[in-house]
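Student: Need a 3D model of the sequence below.
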Amino acid sequence: MSQLVLFVCPHGAAKSRMAAAFFDGLAPAGWTATSAGLEPDPELSLTASRLLAGTDAAEHLDQEPPRPIADVAFPTRVVGIDCSLEGATDHWELAHREFDSAMRDEIRTRVEAIATELAGG
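Tutor: Just a heads-up that it's a prediction; the model follows:
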């Protein structure tokens, strides 16, 4: 059975989506990722698609509408990104606040650290 990392951001439409896409591209055996929002937007942010274009993570970007946390059953690890999330395993306050390549790269770096840790390295 696969273990799940849940990335959560305020709207589940961009930051958590990018994190889940990066993770799924790097995931150690037996791990997958998904995303959710505290107050989900009605659709995926075009910014997430734009920022991932041309990266290996683009093929892993979930195109489904953002989902609430309650729709994700039994995550093994929960990462709150720029939101207050009780019970989260990790809390990320991103240094880069603009939706640009610097934010994308910060998310990728943080995801790489989690993937390395879960792989036992």
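Student: Show me which helix runs longest in this structure.
Tutor: helix 101-118 (DSSP state H).
Student: hmm, who's touching it?
Tutor: Defining contact as Cβ atoms under 8 Å, 6 or more residues apart in numbering, one finds that helix 101-118 is touched by 5, 15, 18-19, 22-23, 26-28, 31, 51-52, 55, 57, 77, 79, 81, 90, 92, 94-97. Every residue, glycine included, has its C-beta placed from N, CA and C.
Student: List the buried residues for that helix?
Tutor: 103-104, 107-108, 110-111, 114-115, 118 (16 or more other Cβ atoms under 10 Å).
Student: Restricting to C-alpha, output it in CSV.
Tutor: Extracted in CSV, the C-alpha atoms of helix 101-118 (Å, rounded to 0.1, in the frame of the first residue of the first chain):
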residue,chain,number,x,y,z
SER,A,101,10.1,31.1,-10.5
ALA,A,102,11.7,31.9,-7.1
MET,A,103,8.6,30.5,-5.3
ARG,A,104,8.6,27.5,-7.6
ASP,A,105,12.3,26.8,-6.9
GLU,A,106,11.8,27.2,-3.2
ILE,A,107,9.0,24.7,-3.2
ARG,A,108,11.1,22.3,-5.3
THR,A,109,14.0,22.6,-2.9
ARG,A,110,11.7,21.9,0.1
VAL,A,111,10.1,18.9,-1.7
GLU,A,112,13.5,17.5,-2.6
ALA,A,113,14.4,17.5,1.1
ILE,A,114,11.3,15.6,2.1
ALA,A,115,11.8,13.1,-0.8
THR,A,116,15.4,12.5,0.3
GLU,A,117,14.4,12.1,3.9
LEU,A,118,11.6,9.6,3.1
